[in-house]
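Engineer: Dropping the sequence and predicted coords here.
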Amino acid sequence: MPKIIFTPWRDSSELLNVRSQFYPPSPAGPDLRVNACRTVEAWKLRNHLPHAVEATALLTDAILHDDAAHNSVFSIRATYAAAFCRFVTGLVDSKLGGQRRTMFQRALDLGLPASFVELRHEATHRELPSLVVLRGAVHRSLEWLWGYYWGRLDVAPISTGGGCHLNSRIRDSLRQISQQQQQLGSAKRKAKAHAVVAAAQSLAGICQQENEGTLLLCRALLDKDMLKQRQPGASMDSTFSTWDVLLQTIADSHPPFLTTLTEEMAMDLGHLAEAEPEAEAVFFWLRHILESRTWEAQRPRIPVSFLRAICCEMPNTWTAKLEEHTLAKLSFVSADADAPVNLDVHVDDGWDALEAYGWGPAKHWSTQTQTRKMHIRAIPMWAGKSNNYAYLVTDEPTKQSVIVDPAHPEEYVALSLFSFLDLVSARWRLKPDDRVVPVLTAERDAGRIKLNAIINTHHHWDHAGGNDGILKSLGQLAVIGGKDCQSVTKTPAHGETWKLGDRITVKALHTPCHTQDSICYFLEDGEQRAVFTGDTLFTGGCGRFFEGNAAEMHKALNQTLAALPDDTKVYSGHEYTKSNVKFLVSVSQTPAIQKLAKFAEENQNTQGVLTIGDEKAHNVFMMLDHPDVLKATGKTDPVDVMAALRELKNAM
């Protein structure tokens, strides 16, 4: 006898509809996660709710609660922690049925990251994790749930008879509902409502499960005997009342429907002749949807920009009227919905900051990967042979920024923008008369940065020589660096941390050798990491031992920096990669070194792409026990190997 499975949803289309609300197919679409959470809450009352569905709702609801304007930070942290802990515990609780196993063993069986179990233990038994950690964990949990549950939903198509059969089914359903509305009349409102809801659910299911279902439904609705049905000069009120509830119910169940319908209406309006009665009917329908209060809730799903483009590209009497009398009034709607936000905890007042990177209310949040938070702008200074880099680091939510290692401000520069998240650089060259100060001034005046500090990795002129010039031009700023740096105001202790803006944590790491005041700076923004190494670590190399010795450089590279997460991006003080590669290949020919050689050959700017993990694989100064390195140096003690490598490099 087949096993009967009870589900809280009526049919598979209802479950798929909730999935599309939790994980919208397009970030530009309407945010319906509140609806999804409410639906799951109702399902919970019916029992038999899978844990993955409940956990998705709890995690999403926690994100919707992330509103600094109305909730305290502690409340937000507690909500995140509770949702995350329930998600993990429901999967790996050792008291669940079956053989007794530890939480880590159950997590391994499920493919759940062990870090989730560790974070759950910390949140349950110790201090609540930071907001940044909790946000990242919840976002990763939703991604994991997609692969574990939502992405595996396999729903059989509701039709197999091809497009013609599907089209017939849709048109038959529409004719049936139209006839029922006329036959039942105004006296049987309850019966009419039930009929409309049933028809809408059926049609929404077709849209969700058939590739062409939405378009076929829209074209069927725009037949002469459907939405366009109207006597010349007659009122459209009865037509609106007949179809509004059906259309709105479908749009609520399947959001892309309204977008497609209004697009098809606009296309029809552009193609129909002015004298055709159908054109007037379409025009009235568009005005009704765009202006009527009954459509206010669904209106954010309407592609206003597309409608404007149709009016511009297909001008006629009707499109001109639509643009002039209706679309022009909606300009403020588009501005409100699409304008960029300046704040995120995104900033300046605290609330807009949350919205900018997806931590705002349902109106703006997206479960997709968050947009970039930290910007690192590399400023190569190619004067002479030093090939220096300065770096402008910005916490995008607050625009708080620091300039790292500005050399003399009159050096010529080229500005490259590196996205800290996607690691894709968009490069452009400035004219030869552009200098560091004008670049910073332009960024400040454009409102893109709020420069509050200079950071130096050490005191050498090509790293700290621009401090006084920037202070003179841009005003009083903190100068953070070693004790010998120009105009220094603060020397952080080893391991000391502080915040840049709302999201970036900066940690000072003392690495004396190249100079005795050398400091590297490790930055974290959620799960994104970078380290500014000055002249301590280069891509494929290290700095000279001007004020130190091999033991200090060994400690700096292979203890202090090597302890950083392997995915930490490296930003060094000079572009020496090509010359370093020549030395590397003379010592070893490992695949990692050959790969670096190819990369250096193809790229002029190599900073912010390779990681600490990469350096461990191809930088011989961090491979002191590799057979090729031992052979090349004739040494075995790590400090002796480091000293011998530096001598060999100096000789080149």
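Structural biologist: That came in fine, so what should we check first? Nothing here was measured: the structure is a model prediction, and the numbers come from that model.
Engineer: Next one: residue 222 from residue 317, what distance?
Structural biologist: Using CB to CB, to the nearest Å, we find residue 222 at a distance of 19 Å from residue 317. Yep, even glycine has a C-beta here, placed from its N, CA and C like the rest.
Engineer: more neighbours, these two?
Structural biologist: Using other CB atoms under 10 Å, the more surrounded residue of residue 222 and residue 317 is residue 222, with 19 against 14.
Engineer: Would you check that the more buried one makes contact with residue 243?
Structural biologist: No: look at residue 222 against residue 243 with CB atoms under 8 Å: they stay out of range, at 11.4 Å.
Engineer: ok, residues contacting stretch 249-256?
Structural biologist: By CB atoms under 8 Å, 6 or more residues apart in numbering, the residues outside stretch 249-256 that reach it are 17, 20-21, 24-25, 29-30, 32, 35, 196-197, 200-201, 203-204, 207-208, 214, 217, 257-258, 261, 298, 301.
Engineer: and if you look at stretch 203-221?
Structural biologist: Contacts for stretch 203-221 (CB under 8 Å, 6+ apart): 11-13, 16-17, 20, 155, 157-159, 163, 166-167, 169-171, 173-174, 226-227, 243, 246-247, 249-250, 253-254, 256-257, 260-261, 264.
Engineer: same deal with stretch 507-516?
Structural biologist: In contact with stretch 507-516 (CB under 8 Å, 6+ apart) are residues 458-460, 482, 484, 492-497, 518-524, 531, 533-536, 543-549, 552-553, 555-556, 560-561.
Engineer: Look up how far residue 225 lies from residue 108.
Structural biologist: With CB to CB as the criterion, residue 108 and residue 225 are 61 Å apart.
Engineer: Who has more neighbours out of those two?
Structural biologist: Set residue 108 next to residue 225 and count neighbours by other CB under 10 Å: residue 108 wins out with 15 against 10.
Engineer: The more buried one: which element?
Structural biologist: Secondary structure assigned from DSSP states H and E places residue 108 in helix 103-110.
Engineer: Quick check: buried residues in that helix?
Structural biologist: Neighbour counts over helix 103-110 (16 or more other CB atoms under 10 Å) mark 103, 106, 107 as buried.
Engineer: residues contacting the last one?
Structural biologist: Applying CB under 8 Å, 6+ apart, one finds that residue 107 lies in contact with 91, 92, 113, 114, 116, 117.
Engineer: Let me know the secondary structure of the closest residue to residue 521 other than its chain neighbours.
Structural biologist: With sequence-adjacent residues excluded and distances taken as CB to CB, 6 or more residues apart in numbering, residue 521 is closest to residue 532, at 4.6 Å. Of the three states, residue 532 takes strand under DSSP: H, G, I helix; E, B strand; the rest coil.
Engineer: what sits opposite residue 532 in the beta ladder?
Structural biologist: residue 521, residue 571 (DSSP bridges).
Engineer: For it, give its distance to residue 400.
Structural biologist: Taken as CB to CB, the span from residue 532 to residue 400 is 16 Å.
Engineer: Could you tell me how far the helix holding residue 108 lies from the centre of the chain?
Structural biologist: Taking the mean of its C-alpha atoms, helix 103-110 sits 28 Å from the chain's own mean (CA atoms, centre = their mean, to the nearest Å).
Engineer: could you point out where the stretch 251-400 of the chain is predicted with low confidence?
Structural biologist: 274-275, 305, 328-373, 375, 377, 379-386 (pLDDT under 70).
Engineer: Drop anything exposed from the contacts of stretch 507-516.
Structural biologist: Here, 16+ other CB under 10 Å leaves 458-460, 482, 484, 492, 518-524, 531, 533-536, 543, 545, 547-548, 552-553, 555-556, 560-561 buried among the contacts of stretch 507-516.
Engineer: Please name every helix or strand in contact with the host helix or strand of residue 640.
Structural biologist: Secondary-structure assignment from DSSP H and E places residue 640 in helix 638-651. With contacts taken as 3 or more CB pairs under 8 Å, 6 or more residues apart in numbering; DSSP states H and E, helix 638-651 sits against helix 550-555, helix 577-587, helix 627-633.
Engineer: Where does the nearest residue to residue 9 once chain neighbours are set aside sit: helix, strand or coil?
Structural biologist: Excluding the flanking residues, the one nearest residue 9 by CB to CB, 6+ apart is residue 15, at 4.8 Å. Assigned with three-state DSSP, residue 15 falls in the helix class.
Engineer: Residue 15 reaches residue 149, doesn't it?
Structural biologist: No: contact criterion CB under 8 Å: residue 15 and residue 149 do not qualify, at 10.5 Å.
Engineer: re the thing from before, mind checking which of the contacts of stretch 249-256 are in strands?
Structural biologist: Using DSSP state E, no member of those sits in strands.
Engineer: PyMOL command for the buried members of those?
Structural biologist: A single PyMOL command is used to select the members of those judged buried by 16+ other CB under 10 Å:
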select buried, resi 17+20+21+24+29+30+32+35+196+200+201+203+204+207+208+214+217+257+258+261+298+301
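Engineer: Among the contacts of stretch 249-256, which ones are in helices?
Structural biologist: 17, 20-21, 35, 196-197, 200-201, 203-204, 207-208, 214, 217, 257-258, 261 (DSSP state H).
Engineer: Just list the residues touching residue 540, thanks.
Structural biologist: By CB under 8 Å, 6+ apart, the neighbours of residue 540 are 576, 577, 580, 581, 583, 584, 593, 596, 600, 615, 618, 619.
Engineer: Including neighbour count, could those residues go into CSV?
Structural biologist: Formatted as CSV, the contacts of residue 540 follow (neighbours: other CB atoms under 10 Å):
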residue, neighbour count
576, 21
577, 25
580, 25
581, 23
583, 19
584, 25
593, 21
596, 25
600, 21
615, 28
618, 24
619, 24
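Engineer: show me what contacts residue 320?
Structural biologist: So residue 320 contacts residue 311 (CB under 8 Å, 6+ apart).
Engineer: ok, and it, which helix or strand is that part of?
Structural biologist: With DSSP H and E as criterion, residue 320 is part of helix 317-321.
Engineer: before we move on, what about residue 479?
Structural biologist: Assigned by DSSP H and E, residue 479 falls in strand 478-480.
Engineer: Going by residue numbers, what spans are helices in the stretch 201-350 of the chain?
Structural biologist: In the stretch 201-350 of the chain, the helices defined using DSSP state H, counting those that start in this stretch lie at 213-221, 237-253, 256-271, 277-291, 304-313, 317-321, 331-338.
Engineer: In a markdown table, list those helices along with distance to residue 476.
Structural biologist: Formatted as a markdown table, the helices of the stretch 201-350 of the chain follow (distance: least, CB to CB, whole Å):
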| stretch | distance to residue 476 |
| --- | --- |
| helix 213-221 | 59 |
| helix 237-253 | 56 |
| helix 256-271 | 52 |
| helix 277-291 | 53 |
| helix 304-313 | 45 |
| helix 317-321 | 57 |
| helix 331-338 | 37 |
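Engineer: Just tell me which of the ones you listed ends up closest to residue 138.
Structural biologist: helix 331-338 (25.2 Å; CB to CB).
Engineer: for the stretch 1-150 of the chain, what spans make up the helices?
Structural biologist: Using DSSP H, counting those that start in this stretch, helices in the stretch 1-150 of the chain cover 12-22, 33-45, 51-64, 73-92, 103-110, 114-125, 131-148.
Engineer: any idea which of these scores lowest on pLDDT?
Structural biologist: Of all the helices of the stretch 1-150 of the chain, the minimum mean pLDDT falls on helix 103-110 (a mean of 76).
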